[in-house]
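> okay, sequence plus prediction incoming.
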Amino acid sequence: MLFVIDVGNTNMVMGLYDGERLVQDWRIRTERNTTEDEFNLLVSGLFGGSGIRLSEVTATIISNVVPPMGSILDAFCRKYLSRAPLWVDARTSAGMPILYSNPKEVGADRIVNAVAAYAKYGAGLIVIDFGTATTFDAISERGEYLGGAISPGIRIAAEALFMKASKLPRVDIIQAPDHVIGKDTIGSIQSGVIFGYAGLVDGMVRRMRREMDSPPKVIATGGLAPLMSDVAETIEAVEPDLTLEGLRILYERIS
């Protein structure tokens, strides 16, 4: 089976593929100070809970935006899976032209999302990933990675508000309030953060559309994508497994 790993600043998403079928997936916290042995214990526990053995893994592909995790995961793969992993970067974009001024600057996760989205839709796209940062990536109808935009993630923005405004309580951003006009502090914070970000998303999408040759389809992924798709007017579809699917596609094309 193919073991796919996407390392983000906050969470790490992992999946196991048997051919094109996603057998199992997990989302765990990114721990920068772990060791390859500790990571093995974690993965072995997750695999064992799903009735899967490490020996069933035949290949591994990783996208990583957290540099300290690189050596840890490489050591884990070599020691416990008996093979080095394949790493995603601009050189492994599997035929998708990267039209950034410096292609090496494009995050591996953004490349993976772009490849997966274009493979599924085959059209001009704007891909929005709601992670630690909220990223917007534009793909032309010819399958070129055009570039995009990066803004602070929703949880980062909310946390900054709680830290800097001493009288405001910490509020979970898990669902949109019933009304934009809040009737108490919690409702006002939820409205400002969630509907405010919906406005950011819709505004960015409309501006990006004006710079693209043809009207793009707008899709979203990431942990908060389902929430934001309910309040943002421009999101047309949510693809929860986009990054994992992109890793699978890239591995098949490269190997």
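Done, it's in. Everything quoted here is computed from the prediction, not taken from an experiment. Numbering: from 1, shown residues only.

> quick one: low-confidence ranges for the stretch 51-200 of the chain?
Per-residue confidence for the stretch 51-200 of the chain (pLDDT under 70) gives these ranges: 94.

> got the residue ranges for the strands in it?
59-64, 86-87, 125-130, 133-139, 145-152 (DSSP state E, counting those that start in this stretch).

> and the ones you listed, which is most packed in?
Mean neighbours per residue, mean count of other CB atoms under 10 Å, is largest over those for strand 125-130, with a mean of 26. Every C-beta, even on glycine, is put in place using the N, C-alpha and C of the backbone.

> list the contacts for residue 5?
12, 13, 14, 60, 61, 62, 63, 64, 73, 85, 247 (CB atoms under 8 Å, 6 or more residues apart in numbering).

> mind putting these into JSON lines with distance to residue 232?
Compiled in JSON lines, the contacts of residue 5 are given as follows (distance: CB to CB, whole Å):
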{"residue": "12", "distance to residue 232": "26"}
{"residue": "13", "distance to residue 232": "22"}
{"residue": "14", "distance to residue 232": "28"}
{"residue": "60", "distance to residue 232": "35"}
{"residue": "61", "distance to residue 232": "31"}
{"residue": "62", "distance to residue 232": "30"}
{"residue": "63", "distance to residue 232": "25"}
{"residue": "64", "distance to residue 232": "28"}
{"residue": "73", "distance to residue 232": "34"}
{"residue": "85", "distance to residue 232": "35"}
{"residue": "247", "distance to residue 232": "26"}
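
> hmm, back to that, among the strands of the stretch 51-200 of the chain, which is nearest residue 98?
strand 145-152 (4.8 Å; CB to CB).

> for that closest one, C-alpha coordinates in CSV please.
C-alpha atoms of strand 145-152 as CSV (Å, rounded to 0.1, in the frame of the first residue of the first chain):
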residue,chain,number,x,y,z
TYR,A,145,-0.1,26.8,-11.7
LEU,A,146,-0.5,30.6,-12.0
GLY,A,147,0.2,31.6,-8.4
GLY,A,148,-2.0,32.7,-5.6
ALA,A,149,-2.4,34.5,-2.3
ILE,A,150,-1.7,33.7,1.4
SER,A,151,-3.6,35.1,4.4
PRO,A,152,-3.5,34.3,8.1
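
> now do that strand: everything it contacts.
With CB under 8 Å, 6+ apart as the criterion, strand 145-152 contacts 93, 96-100, 106, 110-111, 114, 133-140, 160, 200, 204, 208, 212.

> I'd like the strands of the stretch 51-200 of the chain as a markdown table, with distance to residue 27 appended.
Below are the strands of the stretch 51-200 of the chain laid out as a markdown table (distance: least, CB to CB, whole Å):
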| stretch | distance to residue 27 |
| --- | --- |
| strand 59-64 | 15 |
| strand 86-87 | 21 |
| strand 125-130 | 13 |
| strand 133-139 | 17 |
| strand 145-152 | 21 |
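
> between those strands, which gets nearest to residue 224?
Nearest of the strands of the stretch 51-200 of the chain (CB to CB): strand 125-130, 4.1 Å.

> that closest one - contacts with which helices or strands?
helix 108-121, strand 133-139, helix 196-210, strand 217-222, helix 225-231, helix 242-254 (3 or more CB pairs under 8 Å, 6 or more residues apart in numbering; DSSP states H and E).
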